[in-house]
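>>> Pasting the sequence and the predicted model now:
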Amino acid sequence: MLGGKIVWLLGVICWCAIRYTPYRRARRIQTAVERDRNRERMLLGLSFLGMFVLPLVFVATNEPLFANYFAAPLQIVFGAIICAGAMWIFYKTHKDLGKNWSATLEVRDGHVLVTTGIYRTLRHPMYAGYWLWMISQALLLSNWIAGLAGIVAFGLHFFLRVGHEEQMLRERFGKGYADYEARTNRIIPGFY
């Protein structure tokens, strides 16, 4: 359905716009600690494939045709609402993180533990935003492969990365991070 493809593309454009300034700023700040560079590149590449490449192929060509299905208009509406929520979370996390944001497992010089704003209740709200975005992708793109590719790719990325990230933060911030872990959830308030 064309409407779902348009909303998905708008989500990608919005995500790029949100990420532009933090990405440029992060490149200028010296890295103090970097972890698992090759592993990070592999996980980012996998996510890129499922979140951008396969969906973009579908949006541009309608391929793979055998995996297409009819999407009900209500499905597209729900997908658009979830996508808007995901973009709001991305905006809020980047704003609250400020100079502490990094695309990979890195601690920057002057890095501080952010526990305010959206980080008051969730340790990883950006991952929550990605999960919502991938759910919206599955709803917006009426192709079983392109739609679900993001959930599979990001799911692998998340579960293979989050433990390493938390370990790095424990090492960097010690008891401060342990206390923060004790009072917050990872990505779903009050649950996980």
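Here it is on my side, so go on.
>>> Just give the number of residues close to Arg183.
Residues lying near Arg183 (other CB atoms under 10 Å) number 10. Where C-beta positions appear, they are placed from N, C-alpha and C, glycine not excepted.
>>> With Thr93 as the reference, measure out to the residue nearest the centre of the chain.
Among the residues of the chain, the one closest to the centroid is Tyr130, at 3.1 Å (CA atoms, centre = their mean). Per CB to CB, to the nearest Å, Tyr130 is found 10 Å from Thr93.
>>> What of His111?
Distance of His111 to Thr93, computed by CB to CB: 15 Å.
>>> Look at the two and report which has more neighbours.
Applying other CB under 10 Å to His111 and Thr93 shows that Thr93 carries more neighbours, namely 23 against 19.
>>> just checking, the more buried one touches Val114?
No - contact between Thr93 and Val114 fails when scored by CB atoms under 8 Å: they sit 9.2 Å apart.
>>> where do the strands sit along the protein?
All strands of the chain, identified by DSSP state E, fall at 31-34, 106-108.
>>> Least confident of these, on average?
Of all those, strand 31-34 carries the lowest average pLDDT, namely a mean of 66.
>>> buried set for stretch 74-88?
75-76, 79-80, 82-87 (16 or more other CB atoms under 10 Å).
>>> Need those in CSV (columns: pLDDT and distance to Arg27).
Below are the buried residues of stretch 74-88 laid out as CSV (pLDDT from 0 to 100; distance: CB to CB, whole Å):
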residue, pLDDT, distance to Arg27
Gln75, 97, 39
Ile76, 98, 36
Gly79, 98, 33
Ala80, 98, 32
Ile82, 98, 31
Cys83, 98, 27
Ala84, 98, 29
Gly85, 98, 29
Ala86, 98, 24
Met87, 98, 23
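>>> Quick check: the farthest pair among these?
Pairwise distances across the buried residues of stretch 74-88 peak at 18.7 Å for Gln75 and Met87 (criterion: CB to CB).
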